[in-house]
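In: let me see the structure of the following:
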Amino acid sequence: VTPADPSVEVAYEKLNPVTGPVFVEGAEVGDILAVTIQNIQTDSIGVARFGSTSGQLARHVGPTCACSDLSKCTRFFDVDKEENMVTMRDSLENPSKRIAPISFPASPMLGVIGLAPEGSAHVPTMPAGNHGGNLDDRMNGISSTIYLRVNQPGGLLSVGDMHASQGDGEICGCGVEISGEVQLSCRVLKMMKSVPMEFPVTETDTHWHTHGVTIENIPGATTVACEEAARLLVDQWNFTMEDAFVFLSVKGDLGLCQACHPDKGTQIARMSVPKIDACPRTFRCLLIGTNEP
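Out: A predicted model of the protein is given here:
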């Protein structure tokens with residue numbers, strides 16, 4: 001989909017291409033792979049598109065999508081890498097009456113980051129799961145570390161679905177979809193089989209973020225994200241479950257990563273746990289220096 005050909009239709013099976021798999025030396029089944037996003041360099045033009053049946057505002061834009069001209073459902077974005085700004089191009093059919101351009105700071109991130117799942121079956125890149133995949137978490141940006149459970153020898157890491165920006169929830173199913181280059185570093189955390197981490201965890205400078213993944217069940221995803229955070233607080237930092245319940249209520253931030261609804265597929269919630277003295281890292285071994293990523 002380009003400005004020269006904005007109406008091209010992309011087959012579903014070609015969405016969310018990834019780069020990989022990458023074999024990580026030393027990664028064994030049961031380990032946790034710590035993947036740090038060192039840098040993301042996007043290209044200069046991005047795109048987003050909405051449809052008539054998916055997303056919280058879909059019923060309001062049905063007439064726009066009723067014709068075969070997909071350009072009416074498509075918006076392009078210019079990325080000024082020197083100023084770190086993203087600007088949405090105006091629709092040619094509807095000249096802008098706004099008081100200013102739709103322009104905002106770029107916040108590049110990876111929508112897809114994952115390892116090979118358990119078993120021998122292939123999985124598409126669109127859904128998320130305990131292997132990672134299409135988590136669509138805007139926290140998975142530059143300097144973040146994503147912890148993923150290793151299910152196959154070497155982990156088999158793949159990344160993709162780069163966005164110049166994406167809002168929480170991604171309510172039309174798109175961020176600013178864009179190509180570019182990413183620099184990663186990996187460390188293998190050993191002796192982690194007993195750690196109660198079902199889904200990937202993302203660590204930033206100020207928080208660690210657990211994820212809950214369900215199929216077409218946003219409330220269920222929020223429950224799983226909370227349970228994941230509480231289990232780590234209890235197992236790694238000696239909270240009681242009662243302590244964790246209250247702490248996450250008074251200081252944790254429960255949010256949505258992928259909540260495009262109605263839509264088919266997985267929906268993802270996030271519980272953001274602040275790094276205070278009582279729980280300063282995702283895992284205790286990182287605090288004492290062992291397994292430091």
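In: which of the three states applies to the residue lying closest to residue 230 once chain neighbours are set aside?
Out: If the residues on either side of it in the chain are set aside, residue 230 comes closest to residue 244, at 4.1 Å by CB to CB, 6 or more residues apart in numbering. No exception for glycine: its C-beta is placed from N, CA and C like everyone else's. Under DSSP: H, G, I helix; E, B strand; the rest coil, the three-state class of residue 244 is helix.
In: just residue 236 next, same as before
Out: helix.
In: quick check: buried residues in stretch 197-211?
Out: 197-203, 207-211 (16 or more other CB atoms under 10 Å).
In: make that stretch 185-200, sorry
Out: 186-189, 192, 195, 197-200.
In: list the contacts of that stretch.
Out: Residues from elsewhere that reach stretch 185-200 (CB atoms under 8 Å, 6 or more residues apart in numbering): 24, 26-28, 30-36, 38, 113-114, 129-130, 132, 135, 146-150, 155, 157, 210-213, 224, 228, 231-232, 235-236, 283, 285, 291-293.
In: quick revisit: how near is the residue nearest to residue 230 to residue 280?
Out: 16 Å (CB to CB, to the nearest Å).
In: what about these two, which has more around it?
Out: Applying other CB atoms under 10 Å to residue 244 and residue 280 shows that residue 244 carries more neighbours, namely 22 against 13.
In: wait, doesn't the more buried one sit right on residue 233?
Out: Yes. Between residue 244 and residue 233 there is a contact at 4.3 Å, judged by CB atoms under 8 Å.
In: can you count the residues close to residue 12?
Out: Neighbour number of residue 12 under other CB under 10 Å is 9.
In: any weak-confidence spans in the chain?
Out: Scanning the chain for pLDDT under 70 picks out the ranges 64-68, 92-93, 289-293.
In: redo that, cut-off 50
Out: Where the chain drops to pLDDT under 50, the residues are 292-293.
In: how about the helices of it, start to end?
Out: Counting by DSSP state H, the chain has helices at residues 58-65, 218-237, 241-250, 284-287.
In: nearest to residue 75 among the ones you listed would be which one?
Out: Closest of the helices of the chain to residue 75 is helix 58-65, at 11.6 Å (criterion: CB to CB).
In: next one: that closest one to chain centre, how far?
Out: Centre-to-centre, helix 58-65 and its host chain are 26 Å apart (CA atoms, centre = their mean, to the nearest Å).
In: can you list contacts of that helix?
Out: Contact with helix 58-65 is made by 50-52, 72-73, 172, 262, as judged by CB under 8 Å, 6+ apart.
In: from those residues, list the buried ones, please.
Out: For the contacts of helix 58-65, a burial check counting by 16+ other CB under 10 Å picks out 50-51, 72-73, 172.
In: okay, how far is it across stretch 80-90, tip to tip?
Out: Distance between the two ends of stretch 80-90: 16 Å, counting by CA to CA, to the nearest Å.
In: which residues are contacting it?
Out: For stretch 80-90, using CB under 8 Å, 6+ apart, the contacting residues are 3, 41-42, 44, 46, 75-79, 96, 101-106, 164-165, 176.
In: of those, keep whichever come out buried.
Out: Among those, the ones that count as buried by 16+ other CB under 10 Å are 42, 46, 75-77, 79, 106, 164-165, 176.
In: okay, these in a markdown table with distance to residue 271 next?
Out: Listed next are these as a markdown table, based on distance: CB to CB, whole Å:
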| residue | distance to residue 271 |
| --- | --- |
| 42 | 28 |
| 46 | 29 |
| 75 | 31 |
| 76 | 34 |
| 77 | 30 |
| 79 | 31 |
| 106 | 26 |
| 164 | 26 |
| 165 | 22 |
| 176 | 25 |
